[in-house]
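K.L.:
this is the structure alone, sequence omitted:
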């Protein structure tokens, strides 16, 4: 009987030690994750929101032959739209990004979004190891040349990084609504 009691006590002690160890490890992982994703200031959030607002303005207007749009990205940043869950094109680097906005070396031509206003809503930003992640919904006004036609066009998933020029897109993926057709960027690449 005494051996059974000792065994039970030993089991309880070992179980308690194991739970304590697991709890400490979980706290360490949580602390490590917080250390990996540094805290952001209110100014960081405002600057990222301004970056996203500038995107909405520059993508539809081909300002400076699309280079103002391209300059919203990190040097190695990229943009990729998806249709039905698959990436259709990927533009990376300043020249290719300017082309994605309908511009590039040859200037602006066939800007697919000309006359369409991008309204970006429900923007959520969270700290991440590389800088920050975000999601924002896209509402397009003026679709098909009709200034009264409004259409939900999915959402953007973003990775933001802080650069010497301020916050920039490291990546921006546009997730169109399933089976939605949208005009391809003018370059068609």
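P.N.:
Received the coordinates, thanks. Everything quoted here is computed from the prediction, not taken from an experiment.
K.L.:
the most centrally placed residue in the chain sits in which helix or strand?
P.N.:
Closest to where the C-alpha atoms of the chain average out (C-alpha atoms, centre = their mean) is residue 158, at 0.7 Å. Using DSSP states H and E, residue 158 maps to strand 150-163.
K.L.:
which strands border that strand, and is each parallel or antiparallel?
P.N.:
Using DSSP bridges, the strands paired with strand 150-163 are strand 131-141 (antiparallel), strand 166-175 (antiparallel).
K.L.:
before we move on, the earlier item: please name the nearest non-neighbouring residue to the residue nearest to the centre of the chain.
P.N.:
Using C-beta to C-beta, 6 or more residues apart in numbering and skipping residues adjacent in sequence, the residue nearest residue 158 is residue 134, 4.3 Å away. Bear in mind the C-beta positions are built from the backbone N, C-alpha and C, glycine included.
K.L.:
got the domain ranges for this structure?
P.N.:
When the chain is parsed into structural domains using automatic domain parsing, the resulting residue ranges are 1-36, 42-175.
K.L.:
now do stretch 50-63, average pLDDT.
P.N.:
In this model, stretch 50-63 carries a mean pLDDT of 92.
K.L.:
so which bits of it are buried?
P.N.:
51, 52, 55, 58, 59, 60, 61, 62, 63 (16 or more other C-beta atoms under 10 Å).
K.L.:
give the contact list for the third one.
P.N.:
Okay, so that is residue 55. Contacts for residue 55 (C-beta atoms under 8 Å, 6 or more residues apart in numbering) come out as 69, 72, 118, 120, 169, 172.
K.L.:
wait, is the first one part of a helix?
P.N.:
Yes - secondary structure assignment (DSSP: H, G, I helix; E, B strand; the rest coil) places residue 69 inside a helix.
K.L.:
wait, it sits on residue 57?
P.N.:
No - using C-beta atoms under 8 Å, residue 69 is not in contact with residue 57, being 9.2 Å away.
K.L.:
which residues do those two both contact?
P.N.:
residue 63.
K.L.:
check the spacing between the residue lying closest to residue 175 once chain neighbours are set aside and residue 177 real quick.
P.N.:
Among residues not flanking residue 175 along the chain, residue 154 sits closest, at 4.7 Å (C-beta to C-beta, 6+ apart). Taking C-beta to C-beta, to the nearest Å as the measure, residue 154 falls 5 Å from residue 177.
K.L.:
residue 47 now?
P.N.:
Residue 47 is 29 Å from residue 177, by C-beta to C-beta.
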